[in-house]
Structures are given as structure tokens and as C-alpha cells.
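**Student:** the following block contains a protein sequence and its predicted model.
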Amino acid sequence: MTSRYIAAIDQGTTSTRCIVFDDTGQVVALDQREHRQIYPRPGWVEHDAAEIWHNVQAVTRAALDAAGLSRADLAAIGITNQRETTLLWDVATGEPVHNAIVWQDTRTDRIIRELAGDAGPDRFREASGLPLATYFAGPKIRWLLDERPELRARAEAGEVIFGTVDTWLIWRLTGRHATDVTNASRTMLMNLSTLDWDERLIDAFGVPRAMLPEILPSSYVYGEARGDFGGVPVASALGDQSAALFGQTCFDPGQAKCTYGTGSFLLLNTGTTPVRSERGLLTTVGYQIGDDRPVYALEGSIAVTGALVQWLRDNLGIISSAPEINDLAATVDDNGGCYFVPAFSGLFAPYWRTDARGVIAGLTGYVTKGHLARAALEATGWQVKDVADAMVAESDVNIAELRVDGGMTASDLLMQFQADVLDVPVVRPTIAETTALGAAYAAGLAVGIWPDLDTLRANWRVDAQWQSRMPAADRDRGHGLWRKAVDRSLGWLD
């Protein structure tokens, strides 16, 4: 094979990127475009799927141009995507029938309460690995079909189909209506054991099976691209957090990674057997390579981390750019007794409390904007600790180190605090683009660029590492105060 480059399409919540990697896993070129965030009502978040597809084409062309490459130089295209975001489109025209409903959207709260009934939020956890929550795709499909009754008959006839963003892109690129196991595991409609749509679940949610895509492995040739990228194999699809797990080469049970972005997501590889959670974690598919057995993960999803820094910038104006948060936080030695719980739309793992709202606790006249900045950064560290503690208790596996990626890892102050409160090393790799890299690795495996996982492990290199230096007594005291602040955020909504 002469083509030794892979284009990884990274379709995220706020932007779309294409990163071209070579056969050593190094970044050759990158292009990125933001897309609109549409807020029809409070708590509602939508994207224009047509705009996303336009941006995917534009950034892929631009990245290839920047690298001085053509489609003939590509061995494969890999896809990674924002998960749970839900699209319906017309098979005949290819046009979306509604804006995409984004994972952050909370409009399905009534449906969630209705489905939970007397059984509670864990009604479908045994089969799906997930609690009932507005986060996932299944309730969003139900809302769209309830809101637009004329769509249900068309969906039952297969004229209107569903997909998460990976499915939309696979369909636009290849014409195949397919998803991968990692994205399917975030719908609440897939059975974790069979890796197929579960009849009991789709009946409970009222979703016609005819509108659902086929479920395929993560590292797999879905088909050849058409149009501008004609003939290039589309050879991987992974939800963004699973892609980051793969890009961090967390291939062994007990290895864990955390991605720090708009929210933060901690995943622990639990091997080829799913671990059902009783502590507010999600059981999800980490990845599946071809016909191999799937690898499962426990996940802790945190709704607001980097978004809190954006809020301080955009809503309060105490910083003018996100990186300034570190300089401002470094003007003080500690948080001044101030704790910030950013439950802007409830709390995700391990609490899953939609009635929570944000609080700043421990305010005194001593507190300055420097203390607020430090408390905002520390809020991320404490939320990750809550998730990590639940994971260790759930899996009986100690996390030996935490591999980290995402924009917030540029903050040495936050990474040191994270190591302090976890009491384990925090390690950042040399290639920060681990989500796109995971999609590239999975695609490269599918087309033979890399022969096996050991080859990928050998590519992983350490850029920076932080060791815990906080006394245990200080850690325990700080965590106790954090938990008090969390308690005060609960029950805000009736």
C-alpha cells in the first residue's frame, strides 16, 4: 500500500476539525471550523446538520491542501464525533427533518420522568448500562416523533431515519446507514451484551426499528467515500470519548483517561466484560476491533468543566480569554475557602441530579476574583475525583495513573491539583489530539497501516507528568468541604 496518511474527522460540540496523520501517528496538518449553537428555548440546544456536513467537507479539503496531499494519498478516513446528539433525516432527499438535538439538551425531562415511573431512573440500566437521563439519544428520538406525529409513520416505513453524528457522516460519505458500537451504546436502545438493538428498549421508547442504523465494529471498513473523497475507505467510527481512550492506548483493563473539554469525561477500561454500575457511572462500549470481542468501559460524565471558564469569561467578564484563568488563579495560594459547584443544568456522574443548580459556597469578604478563578479550576479537579472514587469502588481496580488530554490540560495549575486530589500521577502525552488520533488508529488498523495494538502502544510518549504533593489531611479536608458545597446545590428545583 502506497497511501500512508489518514484523515481523521473530529466532529465536536462546537466545531469540526480534520487532522491528517502519517503512519507514525504524527500530525501532518489540521483545519477547523466552528458551527452555530442554536438555543430555541432555555435548556434547548440544537445544531444544523447541513452546516456540520458542509464544514466536514471544507475542513477535510483544507487539511489535505495544507498537507500538500490529495485523496489518492489517503489510506483511510476515520470518524469521531460528539455523542448522543440526535438527527433524523429524509432518506429520499437527504435533508434533515429537524435540527440536530444536542447531547446537552434537556427538553426530554418530562419523557424521562414518564419512562422512569415507579421503577426509577435505573429501569433500563441492566440492558443498556445507562440511567434514564436527558443526555442520551433514545429519549430525543421519542421527543421528535411525539412532537411531529407525521414522522412516525414515515419512520416505520424507513423513509425517515435516525442517526447520531457518526451515522450522519457515514451516510453522507458512503450512503450506508450504519453506526458503531460505541455510539450505539449511548442511545439507551442497544443491549450491551448482544450489541444489537433491544426489542424491549425500542418498544419502551416507542422507536420504530426500521429507522435505526445497523451496528458495526469501531475499527471496520464501512464503505468507500463518494464525491470529493471518492474511493477512500471510511474505516472507523468512535464516539469522542471512546476515541480518546483508544488514542491514549488504554488497551488494558485498569487503564484510564480523562478528557477535559466543555465537560470532562473519565473512562476506565474494564476489559471484555461489562461492569454494571451502582454508583452513578455509565457502562459503555470502549471500542471493538473488527470481529474481536468488544472492550467495555466505565465512564463518568461531567457536564461543566471548561464551560465554567467560558462562563467566567463571557458572562462575568473577570477574564478576557480562557488561558487567563491560570494567571488569575496563580495570584492566590489557595481558594480562600471558596468552592464552586457548576451545576448549571444539573449534575451528571456520579450524582445524576437534574434538580441541582450552580452554587458558590464559602464566600467571605476575603474572597477575591483570584480565589474565584482558583475555585473554578479546582471544581474540575474535585468533580473528576468524585468520579474516580466511584470507579475504584465499583471495579475494585486501582487507577495507577491518569492519562489526560483536552484543552484544559494546558493548565499546569489544574493538572497539579488533579494529581494532588487523586493521589496518583497525571500524565499528558506528546500528541494532545488523542480523540482524532484514536479515530486514525482505528481506521489504520482496519486497512493495515498498523498491524496490531502493540505497534500503537509503542507510539505513545509522555510530554509532562505531575505527581501528588498534597498532604493527605489537606486532601481529605478539602474534599469534605467540596462535598458540603455539592450538597447545597441539590434540590434547587422542585
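**Tutor:** Received it, and whenever you're ready, just let me know what you need.
**Student:** which phi and psi does residue 258 have?
**Tutor:** Phi and psi for residue 258, reported as degrees, to the nearest 10, are phi -130, psi 130.
**Student:** beta-bridge partners for the residue nearest to it when sequence neighbours are not counted, please?
**Tutor:** Of all residues not flanking residue 258 in the chain, residue 266 sits nearest, at 4.4 Å (CB to CB, 6 or more residues apart in numbering). From N, CA and C alone the C-beta is placed, and that goes for glycine too. Bridge pairing for residue 266 (DSSP bridges) gives the partners residue 258, residue 300.
**Student:** same question for the one 5 residues further on.
**Tutor:** Partner residues in beta bridges with residue 271: residue 296, with DSSP bridges as the criterion.
**Student:** wait, it sits on residue 296?
**Tutor:** Yes: Residue 271 lies in contact with residue 296 (CB atoms under 8 Å); the separation is 6.8 Å.
**Student:** ok, the two, which is more surrounded?
**Tutor:** With neighbours defined as other CB atoms under 10 Å, residue 271 and residue 296 compare such that residue 296 has more, 25 against 16.
**Student:** hmm, back to that, burial count for the residue nearest to residue 258?
**Tutor:** 29.
**Student:** how near is it to residue 297?
**Tutor:** 10 Å (CB to CB, to the nearest Å).
**Student:** which one's the longest helix in this structure?
**Tutor:** For the chain, the helix with the greatest residue count under DSSP state H is helix 369-395.
**Student:** what residues sit buried inside that one?
**Tutor:** Buried residues in helix 369-395, counted by 16 or more other CB atoms under 10 Å: 370-392, 394-395.
**Student:** and if you look at stretch 425-441?
**Tutor:** Buried residues in stretch 425-441 (16+ other CB under 10 Å): 425-429, 431-441.
**Student:** try stretch 111-130
**Tutor:** Quick answer for stretch 111-130 (16+ other CB under 10 Å): 111-112, 115-116, 121, 123-125, 127-130.
**Student:** pLDDT-wise, what's the bottom of those residues?
**Tutor:** Ranked by pLDDT, these bottom out at residue 121, which scores 85.
**Student:** and that one, what does it touch?
**Tutor:** Neighbour list for residue 121: 112, 131-133, 352 [criterion: CB atoms under 8 Å, 6 or more residues apart in numbering].
**Student:** max pairwise distance over the residues you listed: which two?
**Tutor:** 112 and 352 (10.6 Å; CB to CB).
**Student:** any shared contact partners between these two?
**Tutor:** Shared contacts of residue 112 and residue 352, counting by CB under 8 Å, 6+ apart, come down to 121, 133.
**Student:** helices or strands next to the helix or strand bottoming out on mean pLDDT in the chain in the packing?
**Tutor:** Between all helices and strands in the chain, the lowest mean by mean pLDDT, DSSP states H and E belongs to helix 306-311, at a mean of 89. Applying 3 or more CB pairs under 8 Å, 6 or more residues apart in numbering; DSSP states H and E, one finds that helix 306-311 contacts helix 369-395.
**Student:** what's the next secondary structure element after the helix it packs on?
**Tutor:** On the C-terminal side of helix 369-395, the nearest following helix or strand under DSSP states H and E is strand 402-405.
**Student:** residues touching that following strand, excluding its own?
**Tutor:** 244, 247-248, 250, 255-260, 266, 388, 415, 418, 422, 424-429, 432-435.
**Student:** rerun at 6 Å
**Tutor:** Residues outside strand 402-405 that contact it (CB atoms under 6 Å, 6 or more residues apart in numbering): 244, 248, 256-259, 424, 426-428, 432, 434.
**Student:** on that earlier part again, ok, so of the buried residues of stretch 425-441, who is nearest residue 220?
**Tutor:** For the buried residues of stretch 425-441, the nearest to residue 220 is residue 439 (12.3 Å; CB to CB).
**Student:** find the nearest non-adjacent residue to the closest one, please.
**Tutor:** residue 78 is the one closest to residue 439 (CB to CB, 6+ apart), at 3.5 Å.
**Student:** residue 421 now?
**Tutor:** residue 385 (4.7 Å).
**Student:** these two touch, right, that neighbour and residue 419?
**Tutor:** No: counting by CB atoms under 6 Å, residue 385 does not reach residue 419; the two are 10.8 Å apart.
**Student:** one step back: mind checking how far the residue nearest to residue 258 is from residue 244?
**Tutor:** 10 Å.
**Student:** same question for residue 161.
**Tutor:** Residue 161 is 28 Å from residue 244, by CB to CB.
**Student:** please say which of those two ends up with more neighbours.
**Tutor:** Neighbours were counted for residue 161 and for residue 244 using other CB under 10 Å; residue 244 has more, 29 against 22.
**Student:** which secondary structure elements does the helix or strand where that one lies contact?
**Tutor:** Using DSSP H and E, residue 244 falls within helix 240-247. Judged by 3 or more CB pairs under 6 Å, 6 or more residues apart in numbering; DSSP states H and E, helix 240-247 is in contact with strand 256-260, strand 264-271, strand 282-287, helix 434-447.
**Student:** residue 363: which of these is closest?
**Tutor:** strand 264-271 (24.8 Å).
**Student:** buried residues in the closest one?
**Tutor:** 264-271.
**Student:** any idea which of those is closest to residue 344?
**Tutor:** Distances from residue 344 to the buried residues of strand 264-271, taken by CB to CB, are shortest for residue 264, at 14.2 Å.
**Student:** ok, the closest one touching residue 306?
**Tutor:** No: look at residue 264 against residue 306 with CB under 6 Å: they stay out of range, at 7.7 Å.
**Student:** and the contacts of stretch 254-270?
**Tutor:** 13, 241, 244-245, 248, 250, 253, 286, 296-303, 305-307, 384, 387, 391, 395, 397, 399, 402-406, 408-409.
**Student:** sorry, back to before: which of the contacts of residue 121 count as buried?
**Tutor:** Buried among the contacts of residue 121 (16+ other CB under 10 Å): 112, 131-133, 352.
**Student:** can you tell me which of those residues is nearest residue 316?
**Tutor:** For these, the nearest to residue 316 is residue 352 (27.6 Å; CB to CB).
**Student:** the closest one contacts residue 280, doesn't it?
**Tutor:** Yes: the pair residue 352 / residue 280 is scored as a contact, 5.5 Å apart, by CB under 6 Å.
**Student:** run through the bridge partners of residue 31.
**Tutor:** residue 18.
**Student:** how deep is it tucked in, by neighbour count?
**Tutor:** Residue 31, neighbours per other CB under 10 Å, totals 20.
**Student:** please tell me how far it sits from residue 236.
**Tutor:** 19 Å.
**Student:** again, but for residue 172
**Tutor:** Distance from residue 172 to residue 236, by CB to CB: 16 Å.
**Student:** sketch out the low-pLDDT regions of the stretch 301-450 of the chain for me.
**Tutor:** Along the stretch 301-450 of the chain, the model assigns pLDDT under 70 to no residue.
**Student:** doesn't residue 332 belong to a strand?
**Tutor:** No: looking at residue 332 with DSSP: H, G, I helix; E, B strand; the rest coil, it is coil, so not inside a strand.
**Student:** show me what contacts it?
**Tutor:** If you count contacts by CB under 6 Å, 6+ apart, then residue 332 has 370-371, 374 around it.
**Student:** gap between residue 264 and residue 385?
**Tutor:** Relative to residue 385, and taking CB to CB, residue 264 is found at 11 Å.
**Student:** now swap in residue 216 and tell me
**Tutor:** 36 Å.
**Student:** do residue 314 as well
**Tutor:** From residue 314 to residue 385 the distance is 27 Å (CB to CB).
**Student:** with residue 281 instead?
**Tutor:** 14 Å.
**Student:** what does residue 20 give?
**Tutor:** Applying CB to CB to residue 20 and residue 385 gives a distance of 37 Å.
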